[in-house]
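1. model the structure of this input:
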Amino acid sequence: MNSEISKKISRRKFFGTSSAALAGLTIVPSHVVSGLGHISPSDKLNVAGIGIGGKGRGVIESIAKTENIVALCDVDWSDRVERVFSTYPRALRFKDFRVMFDKQKEIDAVMIATPDHTHAVITMEAIKRGKHVYTEKPLTQTIYESRILTEAARKYKVATQMGNQGQAGDSPRRLREIISDGAIGPIHEVHVWTDRPNRGFSGTYWPQGITRPGEVMPVPDSLDWDLYVGPAPMRPFNSVYHPTGWRGWWDFGTGALGDIGCHSFDPVFRALKLKYPLSVQAVSTLVNDETYPLGSKVTYDFPARDHMPPVRLTWYDGGLRPPRIEGIEKGVQMGTGGTLYIGENGMILGNQILPGALNESYQRPEPYIPSSPGHSEEWILACKGGNPAGSNFDWAGPLTETVLLGNIALRPELRDKLSYQNLDFNSAKMNFPNLPEADNFLHHEYREGWSL
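-> Residues are numbered from 1 along each chain as shown. Predicted coordinates:
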């Protein structure tokens, strides 16, 4: 962390820092920048894509069904990126997002799907220039970044969406309805698990639990490695980081929790009206200062709210899963990934009510939560003056912060002290009152030349 942020971030100091950062922003609404003056639902947005070789390709395809793709940016003009370029031949092409913003003035909105460590700096630059933003999950790599982006988006009234696509589905809406109806009574415990980063017997999605490779590989001709590293500390190129292995490295990604947590926690947060936990604790396989552990268990404790009791949310990754819970009938499969809600009168596994007798006797309410037009469609409508998207930053920011709290609890530097105590979180002051040295991991220092 830099000299300012490395100090204990009190509420006064944080909001002073936020205000100072935001005061320097010159924001012009995107409909003014584009010359439209007013964007009606029938007008098309001019959209730019940043990070288009992986997940971003599919998001751009969804947006392109109704909107104009006017600029595309990626640090690696590999074959898979060139294929995207050829799909949108009229879009201008860039490697540096800052150059893109300077040269292509007719951008209304930006889709960002880069590795996690560059989400915040690119998203803030878009906000500073009055662009609506769609940023893939997790919203940021650090808690401080999430807080300041949430404030910036709210202050300057740009339309936002985080890319946790499942929130737009009907299934979590039906889940909220039956939980609200009291199908299993008050819920006091939730378990969420995933096989990431493992993939059964076929290998891994990305490496974790390893140290930095000693081999220095030549940088591919298509890749600007300096731009790829961005705000992270510089290191030699190795194919273990790019194009697909970055997620497991502390410097570039947010591990299995960051990858899946914003997806899996979202329906839990909506159904149980959660926001910030009071504390977090974590255990894991051996962890080092280069990559996240092979497997971990992270437990969050949330306070009572809206007549709901306190609830404990436990996360498992790396193929770990909860022990067999009493009351789960023989033959019911837990699966390699899932969510289990435990209430006073029963359980919900996925959307299946347990035990079977309760499921048979329970009369589900008629669906009443309206369907979404689609995840990217929500954002497009919000950009044109419609309702906020379902995972706008006011929602996605606190959700991301909670996910990232788990990664702080996994830090190797804190492992010994956290082996015998919870990590308490004061969300208002954004600090850890029982372990002040953990405040250092709320953010980190950027490489020279990079800033929010």
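
2. switch to C-alpha atoms for all contacts and neighbour counts from now on
-> OK.

3. on the three-state scheme, N359 is what?
-> Recorded secondary structure, N359: helix (DSSP: H, G, I helix; E, B strand; the rest coil).

4. how near is it to V268?
-> Summarising the geometry, the distance separating N359 from V268, computed by C-alpha to C-alpha, to the nearest Å, is 20 Å.

5. neighbour count for those two, which is higher?
-> V268 (21 against 17; other C-alpha atoms under 10 Å).

6. give me phi/psi at the more buried one?
-> Backbone torsions for V268, taken as degrees, to the nearest 10, come to phi -70, psi -50.

7. any idea of the pLDDT on the residue nearest to it when sequence neighbours are not counted?
-> Of all residues not flanking V268 in the chain, L274 sits nearest, at 7.6 Å (C-alpha to C-alpha, 6 or more residues apart in numbering). Note on L274: pLDDT of 98.

8. ok, now the one 4 residues further on?
-> pLDDT recorded at L278 is 98.

9. tell me which element G185 is part of?
-> Assigning secondary structure by DSSP states H and E places G185 outside every helix and strand.

10. show me what contacts it?
-> Shown in contact with G185 (C-alpha atoms under 8 Å, 6 or more residues apart in numbering): 179, 343-346.

11. that one and P365, how far apart?
-> Counting by C-alpha to C-alpha, the gap between G185 and P365 amounts to 15 Å.

12. same check on H117?
-> Going from H117 to P365 by C-alpha to C-alpha gives 43 Å.

13. which one of the two has more residues nearby?
-> H117 (26 against 12).

14. what sits against that one?
-> The neighbourhood of H117, defined by C-alpha under 8 Å, 6+ apart, consists of 140-141, 231-232, 251-253.

15. of the residues you listed, just say which sits nearest to I408.
-> For the contacts of H117, the residue nearest I408 by C-alpha to C-alpha is Q141; the value is 11.0 Å.

16. and the closest one, what does it touch?
-> Taking C-alpha under 8 Å, 6+ apart as the contact definition, Q141 lies against 116-117, 119-120, 253-254, 404.

17. repeat the analysis, applying 10 Å as the threshold.
-> Applying C-alpha atoms under 10 Å, 6 or more residues apart in numbering, one finds that Q141 lies in contact with 115-120, 250-254, 258, 400-401, 404, 407, 442-444.

18. on that earlier part again, now rank the contacts of H117 by neighbours and give me the top one.
-> Among the contacts of H117, T140 has the most neighbours (other C-alpha under 10 Å), with 30 neighbours.

19. quick one: it is in a helix?
-> No - according to three-state DSSP, T140 belongs to no helix; its state is coil.

20. and it, what does it touch?
-> Contacts for T140 (C-alpha under 10 Å, 6+ apart) come out as 115-121, 123, 146-147, 149, 162, 253-254, 258, 396-397, 400-401, 404.

21. check those for burial and list the buried ones.
-> Using 16 or more other C-alpha atoms under 10 Å as the burial test, the contacts of T140 include 115-121, 123, 146-147, 149, 162, 253-254, 258, 396-397, 400-401, 404 as buried.

22. among the residues you listed, which ones are in helices?
-> Assignment to helices by DSSP state H places the following of the buried ones among the contacts of T140 there: 119-121, 123, 146-147, 149, 258, 396-397, 400-401, 404.

23. of the residues you listed, closest to L227?
-> Proximity of these to L227 was ranked by C-alpha to C-alpha; the top entry is V121 with 12.1 Å.

24. if I read this right, the closest one contacts G230, doesn't it?
-> Yes - using C-alpha atoms under 10 Å, V121 and G230 qualify as a contacting pair, with a distance of 9.1 Å.

25. anything in contact with each of the two?
-> Between them, V121 and G230 share the neighbouring residues 446, 450-451, with contact defined by C-alpha under 10 Å, 6+ apart.

26. so which of these comes closest to T194?
-> The shortest separation between T194 and any of the shared contacts of V121 and G230 is 31.1 Å, and it belongs to Y446 (by C-alpha to C-alpha).

27. quick check: the closest one touching P231?
-> Yes - with contact defined as C-alpha under 10 Å, Y446 and P231 form a contacting pair (4.8 Å).

28. what's the neighbour count on the residue nearest to V268?
-> When neighbours are defined as other C-alpha under 10 Å, L274 has 21 of them.

29. got the contact list for it?
-> Under the criterion of C-alpha under 10 Å, 6+ apart, the neighbours of L274 are 265-266, 268, 302-306, 310-311, 398-399, 402.

30. try V190
-> With contacts defined as C-alpha under 10 Å, 6+ apart, V190 is in contact with 265, 268, 299-300, 311-315, 339-343, 347-349.

31. how much space separates the residue most central in space within the chain from R247?
-> Residue closest to the average C-alpha location in the chain (C-alpha atoms, centre = their mean): P138, at 1.5 Å. Distance of P138 to R247, computed by C-alpha to C-alpha: 11 Å.

32. residues shared between the contacts of those two?
-> Here P138 and R247 share the contacting residues 115-117, 253-254, 258-259, scored by C-alpha under 10 Å, 6+ apart.

33. show me the two of the residues you listed that sit farthest apart.
-> In terms of C-alpha to C-alpha, these reach their longest pairwise distance at H117 and D259, which sit 12.7 Å apart.

34. related to what we said a few turns ago, return the subset of the contacts of V190 lying in strands.
-> Secondary structure from DSSP state E places 299-300, 311-315, 339-343, 347-349 of these in strands.
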